[in-house]
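Visitor: I would like the atomic coordinates for the input below:
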Amino acid sequence: MTFHELCHGFVAYKLGDNTAKNAGRLTLNPIRHIDPMGLMMMVIFKFGWAKPVPVNMGNFKKPKRDMAITALAGPVSNIILAAFILLIYGFLYIPLYKLGEAGIVIMDTLVTTAYLSCALAVFNLIPVPPLDGSKVLFSVLSEKNYYKLMRYERYGMIVLFILIAAQTFTPFLIKATQALMTYLSVLTRFGLSFSF
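Guide: Below is the predicted model of the structure:
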């Protein structure tokens, strides 16, 4: 989640918005990204969130387009992170396997981290506010409809909680995450070919 939020802020900064930088959010320090309620929910319900990176669309040259790019940066960063981890997993598979139990623990941690990163990317692409997918979807709407929907974004969290409680997205999320992991596993096989 830290990497995800950092990438939102970094892309916004590159597109002309200094808000996240001025708030000290362009960092990998997880403490800067912790949302107390989100953390509590994660511990209790295994579902939570980080503190959203502040973005001021008024600083963008093309607000709708740049907001969509900023929103996409989070899920894309998670896919890149998962790909990198799976590549490393392939490179280190044989030496870690030779380590025995300690190596197996490290291997399991790498695979779990990659899976969670893929799951976070897939989940955030759902087009329900306040998730990143909604900002991408809204960007193709007319200016009038775009800003009208953005005003109701805060109510999206209620809808999202209801959908999560009803497990509406669960089968899709599991299948999509597994499909993404399978697709990225080609990097593990590539790394294995160079493992020593």
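
Visitor: can you count the residues close to the residue nearest to Tyr13 when sequence neighbours are not counted?
Guide: The shortest distance from Tyr13 to any non-neighbouring residue, by CB to CB, 6 or more residues apart in numbering, is to Lys21 (5.1 Å). No exception for glycine: its C-beta is placed from N, CA and C like everyone else's. The local packing of Lys21 (other CB atoms under 10 Å) involves 15 other residues.

Visitor: all helices in the protein, in order from the N-terminus.
Guide: Under the criterion DSSP state H, the chain contains helices at 2-14, 19-22, 36-45, 63-98, 101-124, 132-138, 143-151, 156-165, 170-192.

Visitor: mind checking which of the ones you listed is nearest Asn29?
Guide: helix 2-14 (7.6 Å; CB to CB).

Visitor: List the buried residues of stretch 123-131.
Guide: Phe123, Asn124, Leu125, Ile126, Val128, Pro129, Pro130, Leu131 (16 or more other CB atoms under 10 Å).

Visitor: Give me the contacts around that stretch.
Guide: For stretch 123-131, contacts defined as CB atoms under 8 Å, 6 or more residues apart in numbering pick out 4, 52, 74-75, 78, 132-134, 136-137, 149, 152-157, 159-160, 163, 169, 173.

Visitor: shaky segments in the chain?
Guide: 196 (pLDDT under 70).

Visitor: What distance do you get for Tyr13 to Gly133?
Guide: 22 Å (CB to CB, to the nearest Å).

Visitor: ugh, wrong one, I meant Phe91
Guide: 32 Å.

Visitor: now swap in Ile158 and tell me
Guide: Ile158 is 17 Å from Gly133, by CB to CB.

Visitor: So the two - more neighbours on which side?
Guide: Gly133 (18 against 9).

Visitor: who's in contact with that one?
Guide: With CB under 8 Å, 6+ apart, Gly133 has these contacts: Ala71, Pro75, Asn124, Leu125, Ile126, Pro127.
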